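Engineer: need a structure here:
(chains A, B, C and D)
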There are 2 protein chains.
Amino acid sequence: MSIKQAARRCAPVLHARLGRDDAEALATAFKAIADPGRLRLLSFIAGQPGAEACVCNLVRPLGLAQPTVSHHLRVLTEAGLLARERRGTWMFYRLVPERVGALRQALALPSEKPSA
Amino acid sequence: MSIKQAARRCAPVLHARLGRDDAEALATAFKAIADPGRLRLLSFIAGQPGAEACVCNLVRPLGLAQPTVSHHLRVLTEAGLLARERRGTWMFYRLVPERVGALRQALALPSEKPSA
DNA sequence: CCTAGCCATCGATCGATGTCAGTATCTACC
DNA sequence: GGTAGATACTGACATCGATCGATGGCTAGG
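Structural biologist: Model prediction:
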């Protein structure tokens, strides 16, 4: 299953017995954020004005090679957590809060109601 | 870094720039739930009365070999998401809602307040 | 078009991890 | 203590994935 397909399946884990397909989809989505580099990317981008940043401002603070950063950005984008937009020479990545919220909601306990 | 150490670092990802150590700790915690088998284990256990179940009732519905299930239960336990307790011949695993909530809170956006 | 700068892709490497068969350990019961 | 059942551990295998150097493609400006 592709990451894009996976990101759409975000039924809460703890409300009903997870089927194989739903579990695989959710696992794919969580795998996207289960990496130190990608978590730092999300964190750095979220901290920028407008929750967006261009690649040139991410490589240095992450301390990873440019191809590695590009790879991580791709994974996050395919998971729906980031959105790409080209502006001239630069490529900007923007946080997609709805997708973050969906992942967050997947961890809600049965007693918890959805929250913004 | 061990999974046990990792589970204690759960600062929100999107509120401040994540340092290397915090990022690694959080990634370790998310890795624990970034697996279809482990997500289904959490789901199945959460659906049982008292949010607990013995291994003998988990192997069959998961469709994985008993050593594999045991391995996944170990990973989840070391991540603090499950607690073990022996009752006679059987080993019971219980969901730890606080830890689930901590992971969930790590995905809170800057505008979101902590919720139960 | 030619250059310079930014970013993505490719290919290779290597450690991490999911899986299982086999086996060991532990508990209860007789 | 010997047996039976439940669970954990070991070792091996195959696959996945993070990383990087090299390279290719794209854009802006001259």
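Engineer: Residue numbers of chain A in contact with DNA strand C?
Structural biologist: Taking Cβ under 7 Å from any atom of the strand as the contact definition, chain A meets DNA strand C at A:54-56, A:59, A:66-67, A:69-71, A:73-74, A:84, A:89-91. Bear in mind the C-beta positions are built from the backbone N, C-alpha and C, glycine included.
Engineer: Show me the shaky parts of chain A.
Structural biologist: For chain A, the stretches flagged by pLDDT under 70 are A:1-16, A:110-116.
Engineer: List, one by one, the residues from it near DNA strand D.
Structural biologist: Going by Cβ under 7 Å from any atom of the strand, the residues of chain A near DNA strand D are A:31, A:34-37, A:64-68, A:71-72, A:75, A:86, A:88-89.
Engineer: Nearest the middle, which residue of chain A would you pick?
Structural biologist: Residue closest to the mean C-alpha point of chain A, counted by Cα atoms, centre = their mean, is residue A:81 at 3.2 Å.
Engineer: Helix or strand: which one has residue A:26?
Structural biologist: helix A:20-33 (DSSP states H and E).
Engineer: quick check, that helix touching chain B?
Structural biologist: Yes: Helix A:20-33 lies within reach of chain B by Cβ under 8 Å from any Cβ of the partner chain, at A:20, A:23-24, A:26-27, A:30-31, A:33.
Engineer: the strands in chain A, which residues?
Structural biologist: A:52-54, A:82-87, A:90-95 (DSSP state E).
Engineer: Columns mean neighbour count on top of those, output as CSV?
Structural biologist: Output for those, formatted as CSV (neighbours: other Cβ atoms under 10 Å in any protein chain shown):
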stretch, mean neighbour count
strand A:52-54, 19
strand A:82-87, 14
strand A:90-95, 18
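Engineer: which residues does residue A:91 bridge with?
Structural biologist: Beta-bridge partners for residue A:91, by DSSP bridges, are residue A:86.
Engineer: what's the answer for the one 4 residues further on, then?
Structural biologist: Beta-bridge pairing for residue A:95 (DSSP bridges): residue A:82.
Engineer: Surely it touches residue A:45?
Structural biologist: Yes: counting by Cβ atoms under 8 Å, residue A:95 does reach residue A:45; the two are 5.3 Å apart.
Engineer: shared neighbours, the two?
Structural biologist: Shared contacts of residue A:95 and residue A:45, defined by Cβ atoms under 8 Å, 6 or more residues apart in numbering or on different chains, comprise A:51-52, A:82.
Engineer: wait, which of those residues is closest to residue B:109?
Structural biologist: Using Cβ to Cβ, residue A:51 comes nearest to residue B:109 of the shared contacts of residue A:95 and residue A:45, at 9.0 Å.
Engineer: What residues does that closest one make contact with?
Structural biologist: Contacts of residue A:51 (Cβ under 8 Å, 6+ apart): A:45, A:94-95, A:97.
Engineer: go again using 7 Å as the cut-off
Structural biologist: A:45, A:94-95 (Cβ atoms under 7 Å, 6 or more residues apart in numbering or on different chains).
Engineer: So it versus DNA strand C, what's the distance?
Structural biologist: 16 Å (Cβ to the nearest atom of the strand, to the nearest Å).
Engineer: about what we covered before: mind putting the strands of chain A into CSV with distance to residue B:104?
Structural biologist: Shown next, in CSV, are these (distance: least, Cβ to Cβ, whole Å):
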stretch, distance to residue B:104
strand A:52-54, 25
strand A:82-87, 20
strand A:90-95, 18
